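Visitor: Please find the sequence and the predicted model below.
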Amino acid sequence: MRANPYLFAAYAATWIIHITYLGIIARRYSRLKNEVDELNK
Amino acid sequence: MKKLFPILGILTGVLLSYALYQGLVVAPTEQTMGNVQRIFYYHVPSAWTAFILFFVNFGASISYLIKRKPAADIVALVSAEVGVVFCTVVLITGPIWARPVWGIWWTWDMRLTSTLVLWLIYMSYLFLRSFSSSGETPVLAASLAVLGALCVPFVYFSIWFFRTQHPQPVIGGGGSIAPSMLHALLINWLAFSCFAFMVCWSRYRLEVLQREVEQAHAMRSLEEPSTSMREERYLERKA
């Protein structure tokens, strides 16, 4: 299969969007976990 | 449940890798468009997944309007948010495919415009939920979700009712597809559906935790006497 810049751009954009969203979820989750730990103290 | 999540996560990762292999290697190269047609294996499954999530949002919103159960409200929020992420993928991969095939990034035809309107409706739903602190917000959001869900069939069938530049649907429409391409498409759809389910699950847990923390903060502020109350007690004691 020959490399195509448009194909690469579309696949890369898809995963950048999904990974960014997963990163946002993970960051919010760790922040909430810290808050829960503080509340439990 | 905690043990099941990483196992399903690994299985989803394997399925996504297999789907990528199917889309890039196993599926044959389309004669007219060449390799750029392979964008279809990400674009179409993302669109179908977004539509399913918007229908889940619709069902959960109706359920919330009838029963007022917080779990239904959380499912509605989560499905709309993940649906918007998938719809964003559709709106980005579509123009990337259109540029080499049509010669333009975007055209204001019915399918493209209605998809953009659908995305804007669900973005406004998420903004409403984020920036309104009124107790009536879930009810207002559920009503907006019902309007948004009505647009989903319009987006899907717009290529039947209007003359558009967008290709005909390959399933249930005028378009046709080779069996090996259909196989790659369905594998990718299955993989993205599983991925969407896992993301929804994570987001659901996050939302439940966030509500628990908010409730704990509210309880704590009720238990702790406020500064003015402390001052009043001090003055009473002094008197």
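Guide: Thanks, I have the structure now.
Visitor: From B:Phe51, how far off is B:Asn57?
Guide: 11 Å (C-beta to C-beta, to the nearest Å). Glycine gets a C-beta too; all of them are placed from N, C-alpha and C.
Visitor: the more surrounded of these two?
Guide: B:Asn57 (29 against 20; other C-beta atoms under 10 Å in any protein chain shown).
Visitor: Next, the contact list for that one, please.
Guide: B:75-76, B:79-80, B:83, B:122, B:145, B:148-149 (C-beta atoms under 8 Å, 6 or more residues apart in numbering or on different chains).
Visitor: Tabulate those residues in CSV, adding columns for secondary structure, distance to chain A and neighbour count.
Guide: Putting the contacts of B:Asn57 into CSV (DSSP: H, G, I helix; E, B strand; the rest coil; distance: C-beta to the nearest C-beta, whole Å; neighbours: other C-beta atoms under 10 Å in any protein chain shown) gives the following:
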residue, secondary structure, distance to chain A, neighbour count
B:Val75, helix, 16, 21
B:Ala76, helix, 17, 26
B:Ser79, helix, 14, 27
B:Ala80, helix, 13, 27
B:Gly83, helix, 12, 28
B:Tyr122, helix, 14, 25
B:Ala145, helix, 20, 27
B:Gly148, helix, 19, 24
B:Ala149, helix, 22, 21
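Visitor: In TSV: the residues you listed, plus pLDDT.
Guide: Converted to TSV, the contacts of B:Asn57 look like this (pLDDT from 0 to 100):
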residue	pLDDT
B:Val75	96
B:Ala76	96
B:Ser79	97
B:Ala80	96
B:Gly83	97
B:Tyr122	95
B:Ala145	92
B:Gly148	88
B:Ala149	90
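Visitor: out of these, who's nearest B:Gly135?
Guide: Of all the contacts of B:Asn57, B:Gly135 sits closest to B:Ala76, with 16.2 Å by C-beta to C-beta.
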